[in-house]
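[1] generate a structure from the sequence data that follows.
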Amino acid sequence: MNVSTLEELEARVRAQVPASNLPRTPFKAEPHRERIEAWRRDGVEIRAIFQHLQREHGYTGSYAALHRYVRHLEAGTPTGFVRLEVAPGAEAQVDFGAAGQRRDPVTGERKKAWVFVMTLSYSRHQYAVLVFDQSVRTWLRCHREAFEWFAGVPRRLVIDNLKAAIVRAVWHDPVVQRSYREFAEHYGFLIAPCRPRTAWHKGKVESGVHYVARNFLAGREPGWLSEDNAALRLWVEEVAGVRRHGTTKEAPLARFGAVERAALLPLPESPYDLGVWKQAKLHPDCHVVVDGAYYSAPHRFIGQRLWVRSNGQDVVIFHAWERVASHRWGPPGTRRTEAAHYPPDKVAYLMATPSWCRARAAAIGSSAAQVVEQLLAERPLDRLRTAQAILRLAEKFGPARLEAACRRALHFDDVGYRTLKRILERGLEGEPLPELAPARVALPTFRFARSGSEIFH
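    Got it, this is the predicted structure:
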């Protein structure tokens, strides 16, 4: 067979291929080829492309057919990559991975768990711990424990875009969670979020998470979290740390001890206090709600969102950068209140306890004290509010006039609020007190000395 060009050879070979091996129908996605290729260059997943085509272009094919088409397009164009190797101490990669279920030491119940892994990029030495959540406080605590495990801090941390670290995942302008930013400033490392949907950019820790899952967790019965963590630390040192790594061809622990340990940044003088920042609205009762507990702040900020920093010991509230309140930490359901945070009229009401009313009345005079004591002693009606209102009359009419009004009210045995207020408004407190008519003497009662049967037959 004589052929002059490769194209002619390809045409003759295709002519010999059985028709059954050729596609019977064209792909339904073929009209959208350019758009699909553009999406794939931008890193869009096939599932997202499928949804876009359905919603925007009326695509009627199945997801499986689209998946085969994309793989057909990319089969002949393999993507190359550059393997980045970093200097000792320059970088670590961090990630969470699913860890099945573990027993909670507090409740004894089985709960979903995750494994936190931090891998040093140079030596591949790692720190791993099992946890029950991916909250901000847990994220910070795991970092602090990892730095203490390594006895140093890497200069740069490559992380995923989880909410505990990144508020808004944007490639060029990511927004870092305020707590994590403060944590990074305390330890002196740089935060390097991965581009969204590019897990291979932190392939070293991805491999580390998979290695923990396949080697340590595989086949292990769900046990108590504390016991499993003790076993995991031992496994990191005695199994993962001494194996011959497939890329470096050295044992991670030996490579770490010989070179990387000394290249890490030193630990700060004091560890981070695990302070977590969050925003909370100040409600009309002058309290913000943080982790189920209630903390007061000045009433002038009602309706505004304030920054709150809690480290498990203290709770500090900020308006912008101004510190406006601080409290001792309390468990869920507790209430921490400073009276000065309420409006002045509400503070006066809170302060007017029975003891306060007695002391205030005694300072005004004996008659006022007698009136208040008589009101507070009344049963079963609670007359505290009446006593508070009577004492407030001193602010308008003066303590001396109120004392004289109380003396007059006691004379007539009528210590009601309306009576005292009417005396003061009409200026009657200075009038001479009239003599009261003597009270009638009750006559003794008599009984018949003889029974009725003796008189009436």
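[2] what's around residue 156, how many residues?
    Per other CB atoms under 10 Å, the neighbour tally for residue 156 reads 15. Every C-beta, even on glycine, is put in place using the N, C-alpha and C of the backbone.
[3] for residue 434, same thing?
    8.
[4] and what of residue 55?
    The number of residues packed near residue 55 is 9, by other CB under 10 Å.
[5] please apply the same query to residue 253.
    19.
[6] what does residue 432 give?
    6.
[7] that one is in what secondary structure piece?
    For residue 432, there is no host helix or strand (DSSP states H and E).
[8] gap between it and residue 364?
    Separation of residue 432 from residue 364 (CB to CB, to the nearest Å): 22 Å.
[9] next: residue 222.
    The gap separating residue 222 from residue 364 is 71 Å, by CB to CB.
[10] the two - which one has more neighbours?
    Using other CB under 10 Å as the criterion, residue 222 and residue 364 rank with residue 364 on top: 21 against 15.
[11] touching, that one and residue 401? I think so.
    No - look at residue 364 against residue 401 with CB atoms under 8 Å: they stay out of range, at 10.1 Å.
[12] so what's residue 352 up against?
    By CB atoms under 8 Å, 6 or more residues apart in numbering, residue 352 lies in contact with 384, 388, 391.
[13] which residue comes closest to the last one once chain neighbours are left out?
    Read that as residue 391. Nearest non-adjacent residue to residue 391, counting by CB to CB, 6 or more residues apart in numbering: residue 360, 5.3 Å away.
[14] what of the second one?
    In space, and not counting its chain neighbours, residue 388 is closest to residue 352: 4.5 Å by CB to CB, 6+ apart.
[15] need the pLDDT of the one you found.
    If you check residue 352, the pLDDT there is 70.
[16] for residue 343, see how far away it is.
    15 Å.
[17] I figured residue 419 hits residue 409, correct?
    Yes - using CB under 8 Å, residue 419 is in contact with residue 409, at 5.5 Å.
[18] quick one: the strands in the stretch 351-457 of the chain?
    Per DSSP state E, counting those that start in this stretch, the stretch 351-457 of the chain carries no strands over any range.
[19] sketch out the low-pLDDT regions of it for me.
    Where the stretch 351-457 of the chain drops to pLDDT under 70, the residues are 351, 436-457.
[20] quickly list what residue 314 is bridged to.
    On the basis of DSSP bridges, residue 314 takes part in beta bridges with residue 328.
[21] any idea whether residue 309 is helix, strand or coil?
    strand (DSSP: H, G, I helix; E, B strand; the rest coil).
[22] low-confidence stretches in the stretch 201-350 of the chain?
    201-206, 208, 219, 347-350.
[23] and with 50 instead?
    Residues of the stretch 201-350 of the chain that meet the criterion pLDDT under 50 lie in 201-202.
[24] now the stretch 51-200 of the chain
    Per-residue confidence for the stretch 51-200 of the chain (pLDDT under 50) gives these ranges: 169-173, 197, 200.
[25] again, only this time at 90
    Within the stretch 51-200 of the chain, the ranges that satisfy pLDDT under 90 run 51-86, 95-110, 134-136, 158-181, 191-200.
[26] can you pull out the strands in it?
    Counting by DSSP E, counting those that start in this stretch, the stretch 51-200 of the chain has these strands, from start to end: 92-103, 110-120, 126-131, 156-159, 166-168, 175-176, 190-193.
[27] ok, which of those comes nearest residue 51?
    strand 166-168 (22.2 Å; CB to CB).
[28] secondary structure class for residue 316?
    The local conformation at residue 316, judged by three-state DSSP, is strand.
[29] that one: neighbour count?
    Residue 316: 17 neighbours (other CB under 10 Å).
[30] can you count the residues close to residue 324?
    Around residue 324 there are 17 residues (other CB under 10 Å).
[31] and the contacts of the helix or strand hosting it?
    Per DSSP H and E: residue 324 is located in strand 322-328. Strand 322-328 has contacts (CB under 8 Å, 6+ apart) with 295-298, 301, 306, 313-318, 336, 338, 341.
[32] in that strand, what's buried?
    By 16 or more other CB atoms under 10 Å, the buried positions in strand 322-328 come out as 324-325, 327.
[33] beyond that strand, next helix or strand please.
    strand 335-336.
[34] so how far is that following strand from its chain's centroid?
    18 Å (CA atoms, centre = their mean, to the nearest Å).
[35] who does that strand touch, helix- and strand-wise?
    The helices and strands touching strand 335-336, judged by 3 or more CB pairs under 8 Å, 6 or more residues apart in numbering; DSSP states H and E, are strand 293-296.
[36] could you report the distance from residue 128 to residue 237?
    11 Å.
[37] so between those two, which is more surrounded?
    For residue 128 versus residue 237, the count of surrounding residues by other CB under 10 Å is larger for residue 128: 25 against 11.
[38] which residue packs closest to that one, ignoring adjacent ones?
    Take residue 128 and drop its neighbours on the chain: the residue closest to it by CB to CB, 6+ apart is residue 117, 4.9 Å away.
[39] go on, residue 341?
    Using CB to CB, 6+ apart, the nearest residue to residue 341 is residue 296, at 4.3 Å.
[40] neighbours of the one you found, how many?
    Residue 296: 21 surrounding residues under other CB under 10 Å.
[41] mind listing what it touches?
    Residue 296 sits next to 286-287, 325, 327, 336-338, 341-342 when contact means CB under 8 Å, 6+ apart.
[42] tell me which two of those sit farthest apart.
    327 and 342 (14.8 Å).
[43] nearest to residue 281 among the contacts of strand 322-328?
    Proximity of the contacts of strand 322-328 to residue 281 was ranked by CB to CB; the top entry is residue 306 with 7.6 Å.
[44] now do the phi/psi pair for the closest one.
    Residue 306 adopts backbone torsions of phi -110, psi 150, taken as degrees, to the nearest 10.
[45] surely it touches residue 319?
    Yes - counting by CB under 8 Å, residue 306 touches residue 319, with 5.6 Å between them.
[46] which of those two has more residues huddled nearby?
    With neighbours defined as other CB under 10 Å, residue 306 and residue 319 compare such that residue 306 has more, 20 against 17.
[47] for that one, which residues count as its bridge partners?
    Beta-bridge partners, per DSSP bridges, of residue 306: residue 280.
[48] how close does it sit to residue 135?
    For residue 306, the distance to residue 135 equals 21 Å [CB to CB].
[49] understood, closing this out.
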